[in-house]
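Asks: got a predicted model here, sequence first, then my questions.
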Amino acid sequence: MFPKKGNNFPRTTENGLNYQSAIAAALSIELGNSHRAVKTVMRWTGANERTVKNWFAGRRGPRGEHLLSLVRHSSAVLEAVLRLAGREQLIAGKMLLDVRSTLLKMLASIDATIPERERSD
């Protein structure tokens, strides 16, 4: 018999966070705990319903392609992964880019409501 090695994600990380519960919290914060949330994550990842319910319950965490799909669609999951990796400084940079994007949209909306002749004043 060969010992099983390297297939499990560590239960807790260096900063004391638990992978499964961090992902569960991120999904719940962003989507809630409804059946609709489960269906949304199933559509994002292609995972089956039981698997996704285990992620929401914190019994298991997504692996591989599923985690990448979640990060692609969910800012909360991306932030949780960065925290787990000890890369909190990247979260601040992401937040600045998000705020900048929101401000640009707001400015475009303001510009669209102000007549052209009034903007040049």
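Replies: Sure thing, it's come through. Numbering: from 1, shown residues only.
Asks: measure how far stretch 79-95 is from the centre of its chain, please.
Replies: How far stretch 79-95 lies from its chain's middle: 11 Å, per CA atoms, centre = their mean, to the nearest Å.
Asks: quick one: the helices in the protein?
Replies: In the chain, the segments counted as helices under DSSP state H are 19-31, 35-45, 49-57, 65-73, 75-84, 88-113, 116-119.
Asks: export those to a markdown table and tack on mean pLDDT?
Replies: As requested, those are arranged in a markdown table below (pLDDT from 0 to 100):
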| stretch | mean pLDDT |
| --- | --- |
| helix 19-31 | 96 |
| helix 35-45 | 97 |
| helix 49-57 | 97 |
| helix 65-73 | 96 |
| helix 75-84 | 93 |
| helix 88-113 | 89 |
| helix 116-119 | 70 |
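Asks: from residue 44, how far off is the residue sitting nearest the centre point of the chain?
Replies: Closest to where the C-alpha atoms of the chain average out (CA atoms, centre = their mean) is residue 77, at 2.2 Å. From residue 77 over to residue 44 the distance is 10 Å, taken as CB to CB, to the nearest Å. (Glycine included, C-beta is placed from N, CA and C.)
Asks: overlap of the contact sets of these two?
Replies: When CB atoms under 8 Å, 6 or more residues apart in numbering defines a contact, the residues bordering residue 77 and residue 44 alike are residue 70.
Asks: residue 89 - how many residues pack around it?
Replies: Taking other CB atoms under 10 Å as the neighbour definition, residue 89 ends up with a count of 9.
Asks: same thing with residue 70?
Replies: The tally of other residues near residue 70 (other CB under 10 Å) stands at 25.
Asks: contact partners for it?
Replies: By CB under 8 Å, 6+ apart, residue 70 lies in contact with 23, 27, 41, 44, 45, 62, 77.
Asks: format the residues you listed as a markdown table; extra columns: distance to residue 112.
Replies: Formatted as a markdown table, the entries for those read as follows, by distance: CB to CB, whole Å:
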| residue | distance to residue 112 |
| --- | --- |
| 23 | 39 |
| 27 | 35 |
| 41 | 35 |
| 44 | 32 |
| 45 | 37 |
| 62 | 40 |
| 77 | 33 |
